[in-house]
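Provided below for reference: sequence and predicted model.
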Amino acid sequence: MTELRRLWILFRPYRGWMLLGTLAAILTLIANVTLMAAAGWFLTAMAAAGIAGVAMNYFTPAALIRGSAMIRTAGRYGERLVNHEATFRLIASLRVWFYRHLEPLAPARLQQYHSGDLLSRIRADIDALDNLYVRVLVPVVVANISILLFTVFLLFYHPLLAISGLSFLIVAGVGLPIWSQLRGQAPGQRIAEDEGTLRTAVVDGVQGMAELTLYGATERQAQRIDGLSRRLVADQSRLSSDHGLTQAAVGLCASLSLWVLLWLAIPMVHDGTILPPQLAMLALFTLASFEAVAPLPQAFQLLGRTLAAARRLFAIVDTQPAVPAPSGASPMPRGFDVEIANVSFSYPEANKPALSEISLRVPEGGRAAVIGATGSGKSTLFNLLLRFWAPSAGTIRVGGKDILDFHGDDLRRHIAVVSQHTYLFDATIRENLLIANPEASQGSLEAACRVAQIHDFISELPDGYDTWVGETGVRLSGGQGRRIAVARALLKDAPILLLDEPTEGLDAATERDLMQALGKLMAGRTVLLITHRPAGLDWVDQVLVLDQGRELARGDASVVPKATAATLLAVGPKIAAKTSQ
Ligand SMILES: Nc1ncnc2c1ncn2[C@@H]1O[C@H](COP(=O)(O)OP(=O)(O)OP(=O)(O)O)[C@@H](O)[C@H]1O
């Protein structure tokens, strides 16, 4: 139940709203029960007065009935208004709370989660938490207070009536919810998990549509999605039929309670303990009082789903970032040289280190290339430089300061990255550029795009910079996407530049043009280039050759020949040619 306690703490800012919503709900319920009871009394009293031919004051009961009806309507409206407002505020703040915890975990700690699963947590799981407030907390409080009031009211007439009413209310308001919760626990948990899995499968199916079609696997994927959704529907329909059963059971309890009340109260009318109009009033009062407990079985049935959702959210929120934030403010680097000193690193659960005792110093304004075959640890080195992971041993310094002493955002403010995987958002070209510098003017955007050699292309588009690039930039070619990345890096204007195979996958002519653009970008910056291809090696002062995470050679391009034949083969013919010189 620690989830409940933690959720209660999260709900703290909305407790005022909750109190207001609960009071409105109690008022509505009392008004409704009063309306029914007073109507029962009034009709019977009027009939009795008519038969006896005596006059009676009907103004007071009529006013009570009208007043109750008005309070009931206004109360219901107020309760909906307050509770909806509180729910929306709560959900909005929970989304922000969750996102704040999610952000520091990217990318290292989130690699084990699929984006579809994360989406499911942000949307469906957070939505499920509002159940706790509207469908559990408010009805439980309302039921407890109302049952107490109703029992006291019955006590005024006879303790036996109070005991009988209370007993049936307890069966409907405690027994049925417990049964409901036990029955709902397993399917509720499965629903929370299956919703995430289903979303993941659908996202995979849509994003991998081309591959699935190519390999004739669409049917299999469709069957998988169908299987998951059948399981989900089966659990949902089990919950629905349980809900139907409990509603019928609440109705049965109300009817039994009425019969028992009549059985107990009719003799009391005979012996004059209560008057005939009071019998009608008590009968309708008993029936109406079950409105207080009717929502409870469903509330407790949903508790399983709600707690499972809370557990899935807390699992992420409780994850520690791969690199903890320092306690103090980030230091001011003395310059922008980069020093990698004896750095080793292993990914969690990996059986061998991705990097072992790597050292490299790039002076401010200097340029170095890290070269090596696939899997040699180049990207890992960048991940460490960007502080996404922390070295297992050794230190990385920027301007003489250990990068672990920086807050992630402060460090990354000094670094621009151009990589082979440029993520383009489903937005306009302008918006995709402004992400690097939201303050940039149209003039700066165009200047950056001119240097990146993409301005002419953009200008020829019918909507120019306002052209929509589509999801993941599908409406741009690989080379055009890479140029947008160069323009972004120019707009960011950071003193350190990381180039992660920026020309990978481009044809020779595009590669040449892009290298020209990159040449301008590199000017005056500390540059680290990672590559397993020869392009760009002419631009650097020193090269570090990696082989399976170890340093194979280091120095200027002339050290490359010292590398093994296998690595040279992997890094490309140009290096091989240099080797033979
Ligand atoms: N997130 C990760 N979790 C676990 N192991 C990883 C992870 N990323 C990389 N590795 C492993 O670390 C080693 C180095 O990978 P890395 O991506 O740094 O190589 P690389 O030289 O950049 O390769 P490529 O040129 O193909 O991009 C590989 O054995 C790889 O399987």
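Right, received. Where do you want to start?

Can you tell me which residues in this protein are near the ligand?
With C-beta under 6 Å from any ligand atom as the criterion, the chain meets the ligand at residues 111, 347, 350, 354, 372, 374-380, 532. For every residue, glycine as well, the C-beta is placed using N, CA and C.

At which residues are the strands of the stretch 251-400 of the chain located?
Assigned by DSSP state E, counting those that start in this stretch, the stretch 251-400 of the chain shows strands spanning 338-345, 355-362, 367-372, 393-398.

same check, this time on the stretch 451-581 of the chain
According to DSSP E, counting those that start in this stretch, the strands that the stretch 451-581 of the chain contains are 496-500, 526-531, 542-547, 550-555.

Return the member of these having the minimum mean pLDDT.
Per-stretch mean pLDDT for those is lowest at strand 550-555 (a mean of 86).

so what does that strand touch, helix or strand wise?
With contacts taken as 3 or more C-beta pairs under 8 Å, 6 or more residues apart in numbering; DSSP states H and E, strand 550-555 sits against strand 355-362, strand 542-547.

Can you name the residue of the stretch 401-550 of the chain nearest to the ligand?
residue 532 (5.2 Å; C-beta to the nearest ligand atom).

Distance from the chain centre to the longest helix along the chain, please.
The longest helix of the chain (DSSP state H) is helix 218-270. Centroid displacement of helix 218-270 relative to its chain, using C-alpha atoms, centre = their mean, to the nearest Å, is 31 Å.

Make sure residue 265 is actually in contact with residue 275.
No. Applying C-beta atoms under 8 Å as the test, residue 265 and residue 275 come out as separate, 10.8 Å apart.

Settle it for me: which of these two has more neighbours?
residue 265 (22 against 15; other C-beta atoms under 10 Å).

Leaving out the residues flanking it, which one is nearest to the more buried one?
What sits nearest to residue 265 in space, not counting adjacent residues and going by C-beta to C-beta, 6 or more residues apart in numbering, is residue 279, at 5.4 Å.

Test my guess that the one you found contacts residue 266.
Yes. Under the contact definition of C-beta under 8 Å, residue 279 touches residue 266, with a separation of 7.0 Å.

so where's the stretch 351-500 of the chain uncertain?
Where the stretch 351-500 of the chain drops to pLDDT under 70, the residues are 471-474.

At which residues are the helices of it located?
Per DSSP state H, counting those that start in this stretch, the stretch 351-500 of the chain carries helices over the ranges 378-385, 408-412, 429-434, 442-451, 455-460, 478-492.

Quick check: buried residues in the last one?
Residues of helix 478-492 classed as buried by neighbour count (16 or more other C-beta atoms under 10 Å): 479-492.

out of these, what pair is the most spread apart?
479 and 492 (20.5 Å; C-beta to C-beta).

what's the span of stretch 269-281, first residue to last?
End-to-end distance for stretch 269-281, by C-alpha to C-alpha, to the nearest Å: 13 Å.

that older thread, a markdown table for the helices and strands packed on strand 550-555, including mean neighbour count?
Supplementary listing: the helices and strands packed on strand 550-555 in a markdown table, determined by neighbours: other C-beta atoms under 10 Å:
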| stretch | mean neighbour count |
| --- | --- |
| strand 355-362 | 19 |
| strand 542-547 | 23 |
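
Save those as JSON lines, and put in distance to residue 293 too.
Below are the helices and strands packed on strand 550-555 laid out as JSON lines (distance: least, C-beta to C-beta, whole Å):
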{"stretch": "strand 355-362", "distance to residue 293": "63"}
{"stretch": "strand 542-547", "distance to residue 293": "69"}
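
Looking at the stretch 101-250 of the chain, which residue is nearest the ligand?
For the stretch 101-250 of the chain, C-beta to the nearest ligand atom, closest residue to the ligand: residue 111, 5.2 Å.

what sits against that residue?
If you count contacts by C-beta atoms under 8 Å, 6 or more residues apart in numbering, residue 111 has none.

returning to that earlier point: which of the strands of the stretch 251-400 of the chain is buried the deepest?
Among the strands of the stretch 251-400 of the chain, strand 367-372 has the highest mean neighbour count (mean count of other C-beta atoms under 10 Å), at a mean of 25.

orientation of that strand relative to helix 378-385 in degrees?
Strand 367-372 and helix 378-385 are oriented at 130 degrees to each other (axes from the mean of the first three to the mean of the last three C-alpha atoms, to 10 degrees).

what angle separates strand 367-372 from strand 542-547?
Here the directions of strand 367-372 and strand 542-547 differ by 20 degrees (the same axes, to 10 degrees).

strands paired with strand 367-372, and their directions?
Partners of strand 367-372 in the sheet, by DSSP bridges, are strand 526-531 (parallel), strand 542-547 (parallel).

could I have the first one exported to CSV, CA atoms only?
This means strand 526-531. Extracted C-alpha coordinates of strand 526-531, given in CSV (Å, rounded to 0.1, in the frame of the first residue of the first chain):
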residue,chain,number,x,y,z
THR,A,526,37.5,21.9,-30.6
VAL,A,527,36.4,19.0,-32.8
LEU,A,528,36.2,15.3,-32.2
LEU,A,529,35.2,13.2,-35.2
ILE,A,530,34.3,9.5,-35.0
THR,A,531,34.4,7.5,-38.1
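
Please compute how far it lies from its chain's middle.
With C-alpha atoms, centre = their mean, you get 35 Å for strand 526-531.

From the rest of the structure, what touches it?
With C-beta under 8 Å, 6+ apart as the criterion, strand 526-531 contacts 336-338, 362-371, 378-379, 381-382, 385, 495-502, 504, 536-537, 539-540, 571.

tilt between it and strand 355-362?
Here strand 526-531 points in a direction 140 degrees away from that of strand 355-362 (the same axes, to 10 degrees).

Residue 21 and residue 87 touch, don't they?
No. Assessed by C-beta under 8 Å, residue 21 is found out of contact with residue 87, at 9.0 Å.

For residue 65, give its distance to the ligand.
Distance of residue 65 to the ligand, computed by C-beta to the nearest ligand atom, to the nearest Å: 70 Å.

same deal with residue 292?
54 Å.

which residues does that residue contact?
29, 142, 143, 146, 147, 150, 169, 173.

From the contacts of strand 526-531, list just the buried residues.
336-338, 362, 364-371, 378-379, 381-382, 385, 495-502, 504, 536-537, 540, 571.

what residues are up against residue 43?
Counting by C-beta under 8 Å, 6+ apart, residue 43 touches residue 280.

again but with residue 18, I slipped
Neighbouring residues of residue 18 by C-beta under 8 Å, 6+ apart: 11, 86, 133, 137, 138.

Need the three-state assignment for it.
Three-state call for residue 18 (DSSP: H, G, I helix; E, B strand; the rest coil): helix.

burial measure for residue 107, as a count.
Residue 107: 11 surrounding residues under other C-beta under 10 Å.

Excluding sequence neighbours, find me the nearest residue to it.
Using C-beta to C-beta, 6+ apart, the nearest residue to residue 107 is residue 388, at 5.7 Å.

same check, this time on residue 211
With C-beta to C-beta, 6+ apart, the residue lying closest to residue 211 is residue 217, at 7.6 Å.

What of residue 85?
Residue 85's closest residue in space is residue 17 (C-beta to C-beta, 6+ apart), at 6.8 Å.

doesn't residue 82 make contact with that neighbour?
Yes. Using C-beta under 8 Å, residue 17 is in contact with residue 82, at 6.1 Å.
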